[in-house]
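[1] Next one to model:
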Amino acid sequence: MQTKVALIALLLASLIPLRPSLAAAFHNPYGHPPTNSTIGDRMFADYFRAETRRLADSSLAEIHTRDDWNGRKDQFRRQLYEMLSLDPLPPKTDLHATVTGTIDHPEFTVEKLYFQSMPGLYVTANLYLPKHLEKPAPAILYVCGHSPVKTNGVSFGCKVTYQHHGIWFARNGYVCLVLDTVELGEVEGRHHGTYRDGMWWWNSRGYTSGGAEAWNVIRALDYLETRPEVDKSRFGVTGRSGGGATSWWIAALDERIQAACPVAGITDLENHVIDGTVEGHCDCMFPVNTYRWDFPQVAALVAPRPLLICNTDKDTIFPLDGVSRLHQKVRQIYDLCGATDQLGLLITEGEHHDTQDLQVPVLRWFNRFLMHQERLVETAAAPLFSGQQLKVFDQLPSDEVTSKCFENFVKLASDRQPLASASALDDLRRKTFGGWPISPTPLNAHLVSSTESEGLSLSIHELDSQPGVTLRFYVAQPVGVEVREVRFEVVDEPRWRRQLDLARIGFAAPLSQELAAAGVNSDQPVATENTDQFTAWKRNLRERQIAYVTFAPRGIGLTALTSDQRYVTQVRRRFMLLGQTLAGMQVWDLRRSLQAARALPGFANLPLHLRASPEMTEVAAFATLFEPGLTSLVLAQPPRADKDSPDFLNWSRILTPSQLFALIQTRCNVTTRSP
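    Numbering: from 1, shown residues only. Down below sits the predicted model:
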């Protein structure tokens, strides 16, 4: 079998460069922006390609020897715990494991059971026990994928769909625990916080539903260790699709797993971000990528334990090319560990389905490494029981928190704890804004155009926030008057459109591109109140000798995305996969634009006052922490709680909104004022 697997891998490696792009298989893929694509669509697509390749190139690149790996793997594992919402690890409270019923079969017994992985987080499961065991047997943890079984609104759990695996393992001498997921168990929770439910604050809290699944399987191992039928030195894990992903989490995190066979549960960032497979996956498939990993780094943490990577060749959400690239990188770590014979790659024909061609080699792998024997697999995996037969609860527990475990799963910052400013800033830089460039490239700031009208000049400037991320800012200042201060506003989309509508009164020609992008008809009549407001604003600049700068960060104004909400959602999810958020990179954009404005002739030593439009409140607040020299900051409101503000990775674990407000007040004079 080992020889066959190696041969398959070799053939795949030779064929994959000839494969066409898979991007066309996905909705709004980033190789192909929508037909009505904007400047922003194309810019973001190019940016994601560049960032993805940067992370792919750096993944495991510093590992050259076995000592390199041994010196870093514990640190990597700690980082993965953190990225799966498990740092600090929740306390291991009493499982309160309860068997609610049994099913008797001539060859095995099925126990219907539940346990609490933490108080109120109920996990339903079926335990398949072979009959006539003479000694403790190896145990397989089977982790289910996304396959709901419901009747009249009552969930029987995804364990019903995957029962044939439990039956099959029990018939072959294994204890097998088939575990329901958080979202698709008998007590139904959520996997789709950012994907479907608009819960972007999951990112702000460093929460992923994959972390809840990882915790549940850790506690499932704790439970299996209490069973006298189980040899706790011989644990294996497998599962497909969502269960394949969870198999990766537990195998990478917990070395009690002695052999692993994840099925269709992992591919690389290139597939997810560039080819668009992220759009086919809910949040449980991903860690919060704080430390900017590519997925081979997760898989490598299983080394040197036996690992069989399983996939089909026509799986559109775990494409073959990405699986092969991942295997190639992981094989390098197994080679360094002297464990080449412990790694396998199984590719069978077919789409994203649970096929017998995948099932049989998995059992043989466990036979080899947990039973320490080679034998023919003579029985097929087949279901026997109805959902009602396998159901654990007659009535759901009233004290359950499973349905809302995302609310309190991670430990958040508290106003009751004193804030250590230096530590908080360091944590923010590493864990919230770790996706900022380490070595900034030149700003390449330059003048696009300059026009004078009625004693006022408007100049349009461009800068490179990052390579390929070109943004504009606009400077209005009185002509023939010495400027004494700079007022700088970072605008959200409504404010940008409003300012354009006003500015067309005096500067329609130079702003033609911007007006067209905003859908403003420069020929339509100007409202009297707008004319009066523009006149008053112009007089204020002259009398107070002010230069006024307007800046729209990426995703606003000219670089706005196509206005399709599903499309925008998947763009934002791509940022998280790259260890960033859109708002977090807008903070970087603001910092760069402030630097470019200071570099304008005569501006370097002037007082610089920053103002934020309402949706830019937190963007401006965080920029103030990291960009020195601001004279004052004017906000429309104090920083908001994570559920009401844009998402920034992990920030709610580091400080509270009131602590953020207090911290920015140490940087400059801060006031709140309606826009």
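[2] Alpha carbons of stretch 116-134, as PDB, please.
    Only the C-alpha atoms of stretch 116-134 are listed here, as PDB (Å, rounded to 0.1, in the frame of the first residue of the first chain):
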ATOM      1  CA  GLN A 116     -20.700  18.500  28.500                       C
ATOM      2  CA  SER A 117     -17.400  19.700  27.100                       C
ATOM      3  CA  MET A 118     -17.900  22.800  29.300                       C
ATOM      4  CA  PRO A 119     -20.900  23.600  31.500                       C
ATOM      5  CA  GLY A 120     -23.900  23.700  29.300                       C
ATOM      6  CA  LEU A 121     -22.100  22.900  26.000                       C
ATOM      7  CA  TYR A 122     -23.800  19.600  25.300                       C
ATOM      8  CA  VAL A 123     -22.200  17.100  22.800                       C
ATOM      9  CA  THR A 124     -24.300  14.200  21.600                       C
ATOM     10  CA  ALA A 125     -22.700  11.100  20.300                       C
ATOM     11  CA  ASN A 126     -23.100   7.300  19.600                       C
ATOM     12  CA  LEU A 127     -20.500   4.900  21.000                       C
ATOM     13  CA  TYR A 128     -20.100   1.700  19.000                       C
ATOM     14  CA  LEU A 129     -18.700  -1.100  21.100                       C
ATOM     15  CA  PRO A 130     -17.600  -4.500  19.700                       C
ATOM     16  CA  LYS A 131     -18.900  -7.500  21.500                       C
ATOM     17  CA  HIS A 132     -16.700 -10.200  23.100                       C
ATOM     18  CA  LEU A 133     -13.700  -7.900  23.600                       C
ATOM     19  CA  GLU A 134     -11.000  -9.900  25.400                       C
END
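[3] buried sites along that stretch?
    Buried positions in stretch 116-134, judged by neighbour count with 16 or more other CB atoms under 10 Å: 116-118, 120-130. C-beta: built from backbone N, CA, C; applies to glycine.
[4] how deep is the nearest residue to Lys150 once chain neighbours are set aside tucked in, by neighbour count?
    With CB to CB, 6 or more residues apart in numbering as the criterion, Lys150 has its nearest non-adjacent residue at 6.9 Å, and that residue is Phe156. Phe156 is flanked by 24 other residues according to other CB atoms under 10 Å.
[5] pLDDT score assigned to Phe156?
    In this prediction, Phe156 carries a pLDDT score of 97.
[6] what sits against it?
    Residues in contact with Phe156, defined by CB atoms under 8 Å, 6 or more residues apart in numbering, are Val149, Lys150, Glu186, Gly387, Gln388, Leu390, Lys391.
[7] picking up where we left off before, I'd like the buried residues of stretch 116-134 as TSV, with pLDDT and secondary structure appended.
    Compiled in TSV, the buried residues of stretch 116-134 are given as follows (pLDDT from 0 to 100; DSSP: H, G, I helix; E, B strand; the rest coil):
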residue	pLDDT	secondary structure
Gln116	98	strand
Ser117	98	strand
Met118	97	strand
Gly120	97	coil
Leu121	98	strand
Tyr122	98	strand
Val123	98	strand
Thr124	98	strand
Ala125	98	strand
Asn126	98	strand
Leu127	98	strand
Tyr128	98	strand
Leu129	98	strand
Pro130	98	strand
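[8] Could you identify the pair within the residues you listed that is furthest apart?
    Spatially, the most separated pair among the buried residues of stretch 116-134 is Gly120 and Pro130, at 32.7 Å (CB to CB).
[9] What separation is there between Phe473 and Phe626?
    Note on Phe473: its distance to Phe626, by CB to CB, to the nearest Å, is 19 Å.
[10] Just want to know which of those two has more residues nearby.
    Taking neighbours as other CB under 10 Å, Phe473 and Phe626 compare with Phe473 leading, 25 against 16.
[11] That one belongs to a helix?
    No. Residue assignment for Phe473, taken from DSSP: H, G, I helix; E, B strand; the rest coil, gives strand, which places it outside any helix.
[12] hey, what's the closest residue to it other than its chain neighbours bridged with?
    Counting by CB to CB, 6+ apart, the nearest residue to Phe473 once its immediate chain neighbours are dropped is Phe551, at 4.2 Å. The residues listed as beta-bridge partners of Phe551 by DSSP bridges are Phe473, Val490.
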